[in-house]
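> Build me a model from this:
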Amino acid sequence: MENQSVSEFILLGFSISRQGELLLAFLFLALYVATLVGNMTILYIVSVDKRLHIPMYFFLGNLSMLDIFFTSAISPQLLWNLFSEDRSISFAGCITQCYFYFFLGTVEFLLLTSMSYDRYAAVCKPLQYHAIMNSQVCIQMVLGCWVGGFLFVLFPTIMTSRLSYCKSNIINHFFCDSGPLLVLSCSDTRFIELMDFVLSSLVIICSLVVTLISYMYIISAVMHISTTLGRAKAFNTCATHLTIIAISCSISIFIYVTPSQKETLDIHKMPAVLTTIVCPFLNPVIFTLKNDMVKQALTDVLR
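Next up, the predicted model:
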């Protein structure tokens, strides 16, 4: 993976003092370590506790593994840049980071959509649930998420890697995002921008629409449950998933579902921190606090 116009990029990062950078570095390091520990803990309890060997927790385990990969695509390079003041990243490293960021992010949206269908089947079709969401179907859905993410992102990344970068090699971001990369190119990037916009819109909007339709049916079914305790339990199970997808969709729509990202690069850094560092940390926390079975399994493991 080489480019004739540039051999490395400089990540501009955050426009703050050196003391501020070190403070951010220690904060991000703590969040990264907590993210790894939290998601690995969920992976462990889902794998060892037989009570959690059902589709909902199979998807949760995959989400935890995905969060580990996703934050690891950005955090190590960011921490190195902040601690060492070496802002450089090779061209191959930059394109690889860009690819895995969008690849894993796309897989996460598809996986969250699959989880909404699982919740729909559990609440609206309880008698047929185990037949609908058998192990083969769950594995096929997860594989479909990974293959779909791989194919969605591959072609735009290849096109981005073949552009000519002659304006500058300084990326106005803390990682290799597509928008800041396209700004540096002296090639015609309109087709790539349009393709990024269409693919981002397709993944994010379709995920949101499918999830909302699923939860319309879920809410309708829950309201017909006769007991207050039953309704509360059903809503509690679904609230976790809704919280995560609402946060992910709102941030991603703000950043990527716009016709052009070039004019708003500076204001994208803080939402990008939320998606790359904060959300992978919050996901296991939210699931642990909101899910009674996960809390019970975690208590048993700690004992």
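> which stretches of the chain form helices?
18-48, 55-72, 75-84, 91-124, 129-132, 135-161, 178-183, 190-223, 228-256, 269-273, 279-290, 292-302 (DSSP state H).
> Between those helices, which one is closest to residue 6.
Closest approach to residue 6 among the helices of the chain is made by helix 91-124 (5.8 Å; CB to CB). Yep, even glycine has a C-beta here, placed from its N, CA and C like the rest.
> From the contact counts, what lies against that closest one?
Helix 91-124 is packed against strand 8-11, helix 55-72, helix 129-132, helix 135-161, helix 178-183, helix 190-223, helix 228-256, with contacts defined by 3 or more CB pairs under 8 Å, 6 or more residues apart in numbering; DSSP states H and E.
> Go through the third one and flag the buried ones.
This means helix 129-132. residue 129 (16 or more other CB atoms under 10 Å).
> Going forward, the N-terminal residue is numbered 47.
All right, first residue 47 from here; so that's helix 175-178.
> Tell me which residue is most central in this structure.
residue 151 (4.0 Å; CA atoms, centre = their mean).
> check contacts around the residue lying closest to it once chain neighbours are set aside.
Distances taken as CB to CB, 6 or more residues apart in numbering put residue 116 closest to residue 151, at 6.8 Å, once the chain neighbours are dropped. Residues counted as contacts of residue 116 (CB atoms under 8 Å, 6 or more residues apart in numbering) are 147, 150-151, 154, 322, 326.
> now, which of those sits nearest residue 86?
Lowest distance from residue 86 to those (CB to CB) belongs to residue 326, with 12.0 Å.
> Tell me which residues touch that closest one, please.
By CB under 8 Å, 6+ apart, the residues touching residue 326 are 81, 85, 113-114, 116-117.
> quick revisit: the residue nearest to the centre of the chain contacts residue 298, doesn't it?
Yes. With contact defined as CB atoms under 8 Å, residue 151 counts as touching residue 298 (7.4 Å).
> list the buried ones in the worst-scoring helix or strand of the chain on mean pLDDT?
Lowest mean confidence among the helices and strands of the chain (mean pLDDT, DSSP states H and E): helix 274-302, at a mean of 73. Residues of helix 274-302 classed as buried by neighbour count (16+ other CB under 10 Å): 280-281, 283-284, 286-288, 290-291, 293-295, 297-298, 301-302.
> Okay, angle between it and helix 137-170 too, please.
Interaxial angle, helix 274-302 versus helix 137-170 (axes from the mean of the first three to the mean of the last three CA atoms, to 10 degrees): 150 degrees.
> What is helix 274-302 packed up against?
Counting contacts by 3+ CB pairs under 8 Å, 6+ apart, helix 274-302 is packed against helix 137-170, helix 236-269, helix 315-319, helix 325-336.
> Quick check: residue 288 touching residue 262?
No. Using CB under 8 Å, residue 288 makes no contact with residue 262, being 11.9 Å away.
> Quick one: closest of the helices and strands packed on helix 274-302 to residue 209.
With CB to CB as the criterion, residue 209 lies closest to helix 236-269 of these, at 7.7 Å.
> Which strands or helices does the closest one pack on?
If you count contacts as 3+ CB pairs under 8 Å, 6+ apart, helix 236-269 packs onto helix 137-170, helix 181-207, helix 224-229, helix 274-302.
> mind checking how far the second one is from the chain centre?
The gap between where helix 181-207 is centred and where its chain is centred comes out at 14 Å by CA atoms, centre = their mean, to the nearest Å.
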